[in-house]
Each structure stands twice: as structure tokens, then as C-alpha cells.
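Colleague: I'd like to go over a predicted model; first the sequence, then the structure.
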Amino acid sequence: MRTRETLYRAAAAASLAALLTPGAAPAASAQNAAPQAAVQSPPAPAAPRSATLPKPVERTLKNGLRVIVVERAGVPLVTAQMLVRSGAEADPADKAGLANMTATLLTKGAGARTAPQIAEATESLGAELGSFAGWDGSSVVTNVMTSKLDADMAIFADVVLRPKFEEEELRRQRDQSLDALRVSLGQPGTIASWAATRVLFGETPYGHPASGTPESLERITREDVVRFHQTYYRPDNAVLVVGGDIRPDAAFAMAERLFGAWAKPATPLPAAPAAKVGDAKARVLVIDKPDAGQAAVLLVRPGLRRTDPDFYRGIVTNSLFGGGYSSRINQEVRIKRGLSYGAGSSLDVRRDVGPFVISTQTKNESGDEVASLFMSELTRLGTEPIVDAELTPRKAVLVGNFGRSLETTTGLVGRVAALAQYGVPVSEIDRYIQSVQAVSPADVQKFASGRIGAKESSLVIVGNASAFLEDLKKQFPNVEVIPVAEVDFNSPTLRKK
């Protein structure tokens, strides 16, 4: 019996011979032609399997440090994450980037070790050590073999409790950050993202760039960094999550030994501002960058808090709309129309209301068309029925990503820390899959129409305005235009005085 592969090869050979033979007919007879491969749809996702996760155990030390332990035997690795529940939202108004700078400098000299000595000691243990800040939290994370845990955690404790914050390291980090920012601010995507943040959040704590601006980084001093660390890095504002090949009792004893003497300050923790979404109405903003090779287009609007009851309906809706290659907005912008290499959306949940963003980059001439598509597709999402056949694969993506994130101790610890950061019970990690699966097409349509409607959304386009501005004004008469040279990201108005 001739296999399909043999038939294909025979057909290819016959076609080649016909092309090379003078006067040969261009087409073979129907009965000799190889059968055409049928176009098949991919199989439907299998039913999700329940995850079997180790049960977290927790204890609070006398100084207020919350310690959560997730034992997972079988692989001799341990991950520890010290989460401080303050991040870029705590930056002073004129010192944007301070939380990020403080977190970055933690590993650049601590205890008796310099930055190179920390790097060398960590490498000699085969460990990983890093520090970073987000909007609502700052973290130090280490990952090491169980047999090297004690030595590694001694370095970890120094980094958290006893950073040096040396002037030379501050200058070096500032120079590196400034170089990166200046390069990045030449890109339409960065400009659009920063502008959208200001449009949505104004002068509230989420309104500035978390990385800082070139101007704000120049203002940050060593005294600012030390003060930020003393103010927010305190045991009653921190959570230590330990996961992997370690017994809970051993982890609690280690936490007590390393962090039990961490003194809780007598002064109360500064209260976080309550309102974080700006009061500005929906806007259409164009930043004119004549030398831009393409236009960045963003739609931005208020999204959700992490503790919002609509959280799972929100992440499923985002997955369907813009959470991957087969999502709706990518199909409309890239696959059907070829207007971009890719379009997507994100629902950034935070302690307070975070942003919902749709974004892409396109040629300057189609900036107005993409902006219109963002609005129309978001409206369609909330007005037209959604079918299970479209929703099921997008839920499978969420469930699959969740499962993959739990395959490593670092991923497991990160998931638990994220729940602790926002005051969500850590037991919710066991309900993730069933909560995603419970979201129905009607839930998605209701969420889209009620929580992320196009009417309350703002548009930001950065590019060569001469290529799209007139057509954009036909759809959105209220367009504002700011020349790129007049933009000031330190100002809530985005305009230089």
C-alpha cells in the first residue's frame, strides 16, 4: 500500500518533470493526482485535571513577620521569597523610581560583603539571588539546593536586613538606568505606555513610571534610599514564603534564627492613599513624533483590584479578548487585516484598581484604523453572544499556564507570595482551576459590557501624526495633540510648563 508520504513525493516528482519537459502539459489528470490533505481543525482541549498541591502552613513571628511554608519533597531545591508589601506606589511624588532603585541596590553590597563578593558567594553555592520592585511590593528571591540552604540564607538575610547602599553602587545603578531609559524613550511603545499611565492615573500614586524618569532618578540620593528601606522594609510589612524540600518546622526555625531579631519600628507604617484612579474623563491623545517609523496605539481604562469578586471573570475575559495569538484582537488586527505583527491586552490587577490595556504597533498610516478597531471590538465583546467553542480554548490557556507555573519551586512560591501580597487566602491556589472553568460565556459578555466598556476608555497614539491625524479626527473630534518635544512625564498633564 502506498503511504500518503509516498503519494506526495510522487506528485511532487511528476510536477517537477512536467515543468522541466518542453511542451509538457501543466496539469496532471485527476486520477493520477495525489490526494489533497484535508484541512483539519485542532482537537478540542481535554478536560482540565485538578492540581494536587501541597498545603501551605503558616506562622507569624513575634515581630509581626508572617512566614508561609510550602513543603514539596522529591527535588532537593528550596526557594525563599521575602515580600515587602510596598513598592512603586509608595514613591514620593518627585522621586519616581525610588522603590525600584532601593530593591535593585539590595544585592549590591550587604553585611560584610561587597556586590562582587555577594555575586561570587552566590555563584559558588550554585544559587540564584535577585531583588526587584513592582507596583505594590518589593521582593528578594533566592533558589538553592537543600544542602547549601544555610549558607545561602545567611546571604539572603544580609541582603534583606543589612544592605550597604554605597554611593558608588547608587551612582553606577543610576547611570545604567538612565542609559536604558534614554534608549527606551526613543521608542513609540514606551512613550505611549507612560502617557497612558498618566492619562488614567493622573497625579495619584500609580500615575508615574515605576522605573522613574530621567529627571526623577537624578534627584534620588543615598539618604532617600536608606529612608525608604527603613520606612517600608519592616517585619510587620513583610511576608517570608519558603517552598520546596524543607520541613515546615525546619523552615520556621530558620526564619526565627535569621529574622526573629528584626525589630518592628515604634512608628506606624505610613498609610497608603485610598484613591488611585485619576478623575480625568476619557481622552484621545496623540503624541506627534515625526521621526517614528511606526505608530504605537494603546487603549487604556480602569480595570480591577486583585480582591474584586469579578477577578476570575476578568482574567478569562482578557484571555479571550487579547491574551494570546488566537485571541480576538490579534485575529482582527494581525490575522485578518495584517495591520501589525501582534496585538494583545492585559488586565493588570493591583492592590487598588489597576489598568486594562489594549496595545499594538502599526504603520503610521493605519494608526486611526487600529484605534477604531480597538473601540469597536471592545464594544462587540460586550454586546454580541459568546460561544463555548471560542471560550473553552482560552480558558485552557489560563489553566495550562497556571499548571506550568507550579512545576518549579520558584513558581509555586511566587504564586503563594502573590496571594499573600494582596491579602487573598493562600488556600485560593487550590480553587484556581475550578474558578476559571466556572466562568460562562454570559459571564464574559456581562463583564465586558459592565466593567471594561469602550465608552470609559482613553486612546493614546504615538507616531507621525501627519499620516493619520485627519482621519482620526473624523472618528474622534476631541483629539488632543502634544508634540513629543513638549511632553513631560513628571507632570500629570503631560505638558511641559
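Modeller: Okay, I see it.

Colleague: which regions of the protein sit below the pLDDT cut-off?
Modeller: The chain contains residues with pLDDT under 70 at 1-41, 50-51, 273-280.

Colleague: could you pull out the strands for it?
Modeller: Here the chain has its strands, by DSSP state E, at 57-60, 66-71, 77-84, 109-110, 113-114, 128-133, 138-145, 238-244, 284-288, 295-302, 343-347, 355-362, 458-463, 479-483.

Colleague: quick one: which of those strands is nearest Ile429?
Modeller: In terms of CB to CB, the element of the strands of the chain nearest to Ile429 is strand 66-71, at 9.2 Å. All C-beta atoms are positioned from the backbone trio N, CA, C, and that covers glycine.

Colleague: partner strands of the closest one, parallel or antiparallel?
Modeller: Sheet pairing of strand 66-71 (DSSP bridges) gives strand 57-60 (antiparallel), strand 238-244 (parallel).

Colleague: Adding mean neighbour count and distance to Lys289, write the ones you listed out as JSON lines.
Modeller: Formatted as JSON lines, the strands paired with strand 66-71 follow (neighbours: other CB atoms under 10 Å; distance: least, CB to CB, whole Å):
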{"stretch": "strand 57-60", "mean neighbour count": "15", "distance to Lys289": "50"}
{"stretch": "strand 238-244", "mean neighbour count": "27", "distance to Lys289": "42"}
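
Colleague: can I get those in CSV with distance to Gly342?
Modeller: Listed next are the strands paired with strand 66-71 as CSV, based on distance: least, CB to CB, whole Å:
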stretch, distance to Gly342
strand 57-60, 41
strand 238-244, 34
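
Colleague: Let me have the strands of the chain in CSV, extended by distance to Lys395.
Modeller: Compiled in CSV, those are given as follows (distance: least, CB to CB, whole Å):
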stretch, distance to Lys395
strand 57-60, 30
strand 66-71, 25
strand 77-84, 28
strand 109-110, 44
strand 113-114, 47
strand 128-133, 30
strand 138-145, 29
strand 238-244, 27
strand 284-288, 33
strand 295-302, 23
strand 343-347, 15
strand 355-362, 19
strand 458-463, 29
strand 479-483, 38
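
Colleague: In contact with the spatially most central residue of the chain, which residues?
Modeller: What sits nearest the mean C-alpha location of the chain, by CA atoms, centre = their mean, is Asp348, with 7.0 Å. With contact taken as CB atoms under 8 Å, 6 or more residues apart in numbering, Asp348 is in contact with Gly303, Gly354, Pro355, Phe356, Val357.

Colleague: isn't the first one right up against Asp352?
Modeller: No - under the criterion of CB atoms under 8 Å, Gly303 makes no contact with Asp352, lying 10.5 Å away.

Colleague: any idea how far Val159 is from Ser138?
Modeller: As judged by CB to CB, to the nearest Å, Val159 and Ser138 stand 12 Å apart.

Colleague: Which phi and psi values does Gly126 adopt?
Modeller: Backbone torsions of Gly126, given as degrees, to the nearest 10, read phi 70, psi 30.

Colleague: Look at the residue nearest to Ser184 when sequence neighbours are not counted and say how many residues are nearby.
Modeller: Nearest residue to Ser184 in three dimensions, chain neighbours excluded: Thr190, at 4.5 Å (CB to CB, 6 or more residues apart in numbering). The number of residues packed near Thr190 is 18, by other CB atoms under 10 Å.

Colleague: just curious, which of the contacts of Asp348 is nearest to Gly111?
Modeller: Closest to Gly111 out of the contacts of Asp348 is Gly354 (35.9 Å), distances taken as CB to CB.

Colleague: ok, and the closest non-adjacent residue to that closest one?
Modeller: Closest residue to Gly354 apart from its sequence neighbours, by CB to CB, 6+ apart: Asp348 at 4.1 Å.

Colleague: and what of Ala119?
Modeller: Nearest non-adjacent residue to Ala119, counting by CB to CB, 6+ apart: Thr107, 8.0 Å away.

Colleague: give me every residue that touches the one you found.
Modeller: Here Thr107 is in contact with Ala115, Ile118, Ala119, Leu129, Gly130, Ser131, Val140, Val159 (criterion: CB under 8 Å, 6+ apart).

Colleague: To Val426, which of the strands of the chain lies closest?
Modeller: Of all the strands of the chain, it is strand 66-71 that lies closest to Val426, at 6.4 Å by CB to CB.

Colleague: Let me know the angle separating the closest one from strand 77-84.
Modeller: With axes from the mean of the first three to the mean of the last three CA atoms, to 10 degrees as the basis, strand 66-71 and strand 77-84 are set at 160 degrees to each other.
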